[in-house]
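Visitor: Structure for the following, please:
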Amino acid sequence: MRFVCRRSRLRGEVRIPGSKSHTIRAVAIASLAEGESRIRLPLGSNDTWAAVGAYRALGAEIETGEGEWRVRGAGGEVKVPEDVVDVRNSGVTLHTAMAACALLREGIAVLTGDEQIRRRPAGPLARSLNDLGANVRSTRGTDTAPFVVEGRLSGGETTVEGLTSQHPTALLIAAPLAEGDSVIRVVNLHEAPYLEMTLDWLRRQGIAFSQEGLTEFRVPGGQRYRPVDRAIPADWSSATFFLAAGALQGNEVVLRGLDLNDTQGDKAVVAYLREMGAEIETGEDSIRVRAKELRGCELDLNATPDALPMLAVLGCFARGETRLVNVPQARIKETDRIAAMSAELRKLGADVEEMEDGMVVRESALRGAEVDSHRDHRIAMALAVAGCAIPGETVVRQAEAAAVTFPQFADRMRGIGARLDVDEEHH
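Guide: This is a model prediction of the structure:
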């Protein structure tokens with residue numbers, strides 16, 4: 001599938017769908033809880049359907065109705081899956097499900113995913129699960145999926161590298177159900193807000209733990225999760241594309257449904273855009289972004305790696321130089337986002353420079369061209385927003401990747417005036 005984008009004036013309101021990160025945590029915790037959980041306003045997307053499929057395979061009964069999902073949890077008793085568990089393209093699902101499989105009392109589970117997942121390193125998580133009593137190994141000995149997992153988590157002590165916050169998240173969700181107590185130390189933590197989000201979920205579900213900052217956690221074993229009953233907050237990572245669209249010349253966009261008090265790190269994009277010169281008003285249930293002249297600045301994206309593709313685009317429209325720094329983990333997402341965004345923006349005429357841990361983007365006169373998403377949802381959407389702001393026609397190949405987190409992206413863009421066609425032809 002391709003997005004075919006032409007220069008457009010974007011004006012109007014858009015409602016932002018539920019958070020992928022919250023939805024997958026809700027499914028993971030509800031599946032391990034006792035009794036029936038209600039997840040209201042969940043995000044239905046490729047990644048969250050992958051989580052539903054994985055946890056059904058591990059014994060949870062999940063009904064996915066319109067606007068509400070009901071989950072009858074396994075009560076901490078994970079079932080041996082009938083078949084290989086396929087997490088598709090979802091890293092969070094791979095990691096949380098690996099830790100859940102380490103709760104098996106007997107039998108083994110095999111987890112795999114698509115080609116990108118089979119390249120993403122999960123060795124640090126596997127080693128920590130082994131420290132805590134499980135037996136986890138990569139079938140190819142490469143620290144990547146497929147993984148064979150046997151239980152059972154007995155507790156103990158481990159130190160996990162925090163280059164992706166998903167590894168400590170997975171350990172913290174499973175550890176309360178281990179037989180004994182666990183001490184989890186986290187070194188070199190990136191994406192801290194996502195770990196804060198996990199801790200907030202544990203507190204809400206009545207899990208006992210103590211912490212020293214975000215570097216050491218003591219989790220008593222033998223605990224139980226209460227059922228989940230929660231409305232999922234709107235997704236700040238998905239909102240980034242519409243916040244940024246509003247900041248581009250001639251545009252004015254109002255976003256609905258976002259909560260500035262939520263634990264999601266990507267709400268920082270509001271502050272980034274203000275620093276770049278956009279005019280932003282926040283109301284009770286609305287955020288209005290108006291275009292003003294943008295100026296380059298330096299932004300530390302360590303807590304918000306998902307914002308890198310869109311901010312790299314904005315940098316092309318900002319006076320001077322924009323430096324996106326301290327985000328080495330952007331290289332191990334669905335693709336190497338630093339290399340991929342640099343390559344695709346150059347096709348549009350951008351002056352960009354790669355750094356080991358980020359990018360330098362200079363003001364550039366972009367023109368439409370054919371670009372590729374690298375099968376990364378955030379790159380697909382960022383390039384589509386770019387295509388709606390520049391002369392000529394921009395064709396984004398492999399645009400179906402957007403459905404990983406935001407299946408309605410093209411419709412919502414058109415709803416605010418984007419000249420964005422979806423071409424189903426495979427060329």
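Visitor: Can you report how many residues neighbour Glu353?
Guide: The tally of other residues near Glu353 (other C-beta atoms under 10 Å) stands at 12. Any C-beta I mention is one placed from the backbone N, CA and C, and that applies to glycine too.
Visitor: One more: Glu216?
Guide: Applying other C-beta under 10 Å, we find 14 other residues in the vicinity of Glu216.
Visitor: and if you look at Glu82?
Guide: Going by other C-beta under 10 Å, the residues that sit close to Glu82 add up to 7.
Visitor: Also Val183?
Guide: By the other C-beta under 10 Å criterion, the neighbourhood of Val183 contains 17 residues.
Visitor: Just say helix, strand or coil for it.
Guide: When states are read from DSSP: H, G, I helix; E, B strand; the rest coil, the local structure at Val183 comes out as strand.
Visitor: partners of it in the sheet?
Guide: Glu157, Arg218 (DSSP bridges).
Visitor: and it, what does it touch?
Guide: If a contact means C-beta atoms under 8 Å, 6 or more residues apart in numbering, then Val183 has Gly156, Glu157, Thr158, Glu216, Phe217, Arg218, Val219 as its contacts.
Visitor: Out of those, give me the one that has the most neighbours.
Guide: Top of these by neighbour number is Val219, holding 24 neighbours under the definition other C-beta under 10 Å.
Visitor: Burial check on the residue lying closest to it once chain neighbours are set aside, number of neighbours?
Guide: Closest residue to Val219 apart from its sequence neighbours, by C-beta to C-beta, 6 or more residues apart in numbering: Ala175 at 4.1 Å. Using other C-beta under 10 Å, Ala175 has 31 other residues around it.
Visitor: where does Ala175 land on pLDDT?
Guide: For Ala175, the model assigns a pLDDT of 98.
Visitor: Between the contacts of Val183, which sits nearest Arg6?
Guide: Ranking these by separation from Arg6, with C-beta to C-beta as the measure, puts Phe217 on top at 50.4 Å.
Visitor: Leu10 touches Cys388, doesn't it?
Guide: Yes. Here Leu10 lies in contact with Cys388, judged by C-beta atoms under 8 Å, at a distance of 6.6 Å.
Visitor: Between the two, which contacts overlap?
Guide: Contact criterion C-beta under 8 Å, 6+ apart; residues shared by Leu10 and Cys388: Ala245, Met413, Ala418.
Visitor: Considering these, which possesses the most neighbours?
Guide: By neighbour count, taken as other C-beta under 10 Å, the most surrounded of the shared contacts of Leu10 and Cys388 turns out to be Ala245 (30 neighbours).
Visitor: what residues are up against that residue?
Guide: Remark: with contacts taken as C-beta under 8 Å, 6+ apart, Ala245 is in contact with Leu10, Asn251, Val253, Val289, Val385, Cys388, Ala389, Met413, Ile416.
Visitor: mind putting these in TSV, distance to Met310 and secondary structure included?
Guide: Supplementary listing: those in TSV, determined by distance: C-beta to C-beta, whole Å; DSSP: H, G, I helix; E, B strand; the rest coil:
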residue	distance to Met310	secondary structure
Leu10	14	coil
Asn251	14	coil
Val253	13	strand
Val289	13	strand
Val385	7	helix
Cys388	13	coil
Ala389	12	coil
Met413	13	helix
Ile416	16	coil
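Visitor: Can I get the buried part of those as one ChimeraX selection?
Guide: In ChimeraX, a selection of the buried entries from those looks like this (16 or more other C-beta atoms under 10 Å):
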select :10,251,253,289,385,388,389,413,416
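Visitor: With distance to Ile379 and pLDDT added, can I get the contacts of Ala245 in TSV?
Guide: Shown next, in TSV, are those (distance: C-beta to C-beta, whole Å; pLDDT from 0 to 100):
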residue	distance to Ile379	pLDDT
Leu10	20	98
Asn251	21	97
Val253	21	98
Val289	21	98
Val385	11	98
Cys388	15	98
Ala389	16	98
Met413	16	98
Ile416	21	98
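Visitor: Out of the contacts of Ala245, flag the one nearest to Ala170.
Guide: Checking those against Ala170 by C-beta to C-beta gives Val385 as the nearest, at 31.9 Å.
Visitor: returning to that earlier point: go through the contacts of Val183 and name the one nearest Gly73.
Guide: Checking the contacts of Val183 one by one against Gly73 (C-beta to C-beta), the nearest turns out to be Val219, at 18.9 Å.
Visitor: How many residues are close by Thr93?
Guide: A total of 30 residues lie near Thr93 under the criterion other C-beta under 10 Å.
Visitor: Same check on the one 10 residues further on?
Guide: Leu103 is flanked by 22 other residues according to other C-beta under 10 Å.
Visitor: For it, which non-adjacent residue is spatially closest?
Guide: In space, and not counting its chain neighbours, Leu103 is closest to Val78: 4.7 Å by C-beta to C-beta, 6+ apart.
Visitor: so Val149 touches Leu104, yeah?
Guide: Yes. Between Val149 and Leu104 there is a contact at 7.2 Å, judged by C-beta under 8 Å.
Visitor: neighbour-wise, which of the two wins?
Guide: Remark: of Val149 and Leu104, Val149 carries more neighbours, 25 against 22, as counted by other C-beta under 10 Å.
Visitor: Check which helix or strand the more buried one maps to.
Guide: Here Val149, judged by DSSP states H and E, is contained in strand 147-150.
Visitor: roughly how far is that strand from the heart of the chain?
Guide: Counting by C-alpha atoms, centre = their mean, to the nearest Å, strand 147-150 is centred 24 Å from the centre of its parent chain.
Visitor: Tell me which residues of it come out buried.
Guide: Those buried within strand 147-150 under the rule 16+ other C-beta under 10 Å are Phe147, Val149, Glu150.
Visitor: Could you let me know which of those ends up closest to Gly91?
Guide: Proximity of the buried residues of strand 147-150 to Gly91 was ranked by C-beta to C-beta; the top entry is Phe147 with 12.8 Å.
Visitor: Nearest residue to that closest one in space, please, no chain neighbours.
Guide: Among residues not flanking Phe147 along the chain, Leu111 sits closest, at 5.0 Å (C-beta to C-beta, 6+ apart).
Visitor: Same check on Thr198?
Guide: Nearest residue to Thr198 in three dimensions, chain neighbours excluded: Thr169, at 4.4 Å (C-beta to C-beta, 6+ apart).
Visitor: repeat for Glu400
Guide: In space, Glu400 comes closest to Met1 once its chain neighbours are excluded; the distance is 4.2 Å by C-beta to C-beta, 6+ apart.
Visitor: Cool, thanks, talk later.
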